[in-house]
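Asker: Give me coordinates for this.
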Amino acid sequence: MLVIAMETGSLPGGRVRWAGRRHDDDRLDASSGVSPSELFDAVFHALHDGEQVALGLDCALTIPVAPDQDRASASDDAAASRPGLAELGYLLGELGTWRPWTTVSTSLARWKANTSILVWQAVPAPGAGAVTASTAVDSFFHQLPAATARATDPAKETEPAKETDPAKETEPAKETEPAKETEPAEEANGTVVNLAAAAARRAGLFVDPSELAQPTVSITVTGGWRFTAPGR
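Answerer: Numbering: from 1, shown residues only. Here you go, the predicted structure:
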């Protein structure tokens, strides 16, 4: 499993810094870069090697849509104006060209059932400052066991892919909220658009149609601990 997080608007000129690591590597920012092409190379090679990829962004990936507003139009407008979404669109577009069979999900339960890429939202803890890529990746690994339990019916839980380490060796921090496939306040009117799912669809990649109107899975980013790879 390769987990990557993006720091949107973190560099001059609107460039996005990204960093991440695999489940068996606890080196800080073992993989990192500042360009969309570098991000594509990292994701492409991980998928080529049979790994799952979890890609986190620190920008909103679910937006409310007024009842009289067109979903596609709302998605296009947001993608054109929000940092990070252009990089996500580039990555998914390149995968659509070179790996058109890639499956994308914004649902943890579907991703655990061997989906290629999970796109998730990194949310700062209440009162916390800006999300950094390193702490976002740490939070994902730390919360994955509890998040999986929440997102999956224990009676029907799907075994993860053989190359994927579900990080059972770690226990979620007591102060940490597990990932939530939440129903945010915006859903009160039942009308939202999932920007990540829409981007995958525009790229020609498979995404479950139901996800277009569902919120993406989110991880609350906290600090104060470090992930340790198994056997270290």
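
Asker: which intervals of the chain have sub-threshold pLDDT?
Answerer: Applying pLDDT under 70 to the chain picks out residues 9-15, 24-30, 68, 78-81, 146-190, 223-232.

Asker: That one: strands as residue ranges?
Answerer: Assigned by DSSP state E, the strands in the chain fall at 2-7, 17-22, 31-33, 53-57, 62-64, 104-105, 117-124, 192-194, 218-221.

Asker: Make JSON lines out of those and add distance to Asp70 and mean neighbour count.
Answerer: C-betas here are computed from N, CA, C, even on glycine. Conversion of those to JSON lines gives the following (distance: least, Cβ to Cβ, whole Å; neighbours: other Cβ atoms under 10 Å):
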{"stretch": "strand 2-7", "distance to Asp70": "28", "mean neighbour count": "26"}
{"stretch": "strand 17-22", "distance to Asp70": "31", "mean neighbour count": "23"}
{"stretch": "strand 31-33", "distance to Asp70": "35", "mean neighbour count": "19"}
{"stretch": "strand 53-57", "distance to Asp70": "24", "mean neighbour count": "25"}
{"stretch": "strand 62-64", "distance to Asp70": "13", "mean neighbour count": "18"}
{"stretch": "strand 104-105", "distance to Asp70": "22", "mean neighbour count": "26"}
{"stretch": "strand 117-124", "distance to Asp70": "22", "mean neighbour count": "24"}
{"stretch": "strand 192-194", "distance to Asp70": "10", "mean neighbour count": "24"}
{"stretch": "strand 218-221", "distance to Asp70": "25", "mean neighbour count": "25"}
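
Asker: now those strands as JSON lines including distance to Leu85?
Answerer: Below are the strands of the chain laid out as JSON lines (distance: least, Cβ to Cβ, whole Å):
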{"stretch": "strand 2-7", "distance to Leu85": "10"}
{"stretch": "strand 17-22", "distance to Leu85": "14"}
{"stretch": "strand 31-33", "distance to Leu85": "18"}
{"stretch": "strand 53-57", "distance to Leu85": "8"}
{"stretch": "strand 62-64", "distance to Leu85": "11"}
{"stretch": "strand 104-105", "distance to Leu85": "14"}
{"stretch": "strand 117-124", "distance to Leu85": "11"}
{"stretch": "strand 192-194", "distance to Leu85": "12"}
{"stretch": "strand 218-221", "distance to Leu85": "16"}
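
Asker: show me where this structure has helices.
Answerer: If DSSP state H is used as the criterion, the helices of the chain fall at 36-48, 71-81, 85-98, 108-112, 133-151, 195-202.

Asker: hey, which of the ones you listed is tucked in deepest?
Answerer: Among the helices of the chain, helix 195-202 has the highest mean neighbour count (mean count of other Cβ atoms under 10 Å), at a mean of 25.

Asker: what angle do it and strand 117-124 make?
Answerer: In terms of direction (axes from the mean of the first three to the mean of the last three Cα atoms, to 10 degrees), helix 195-202 departs from strand 117-124 by 160 degrees.
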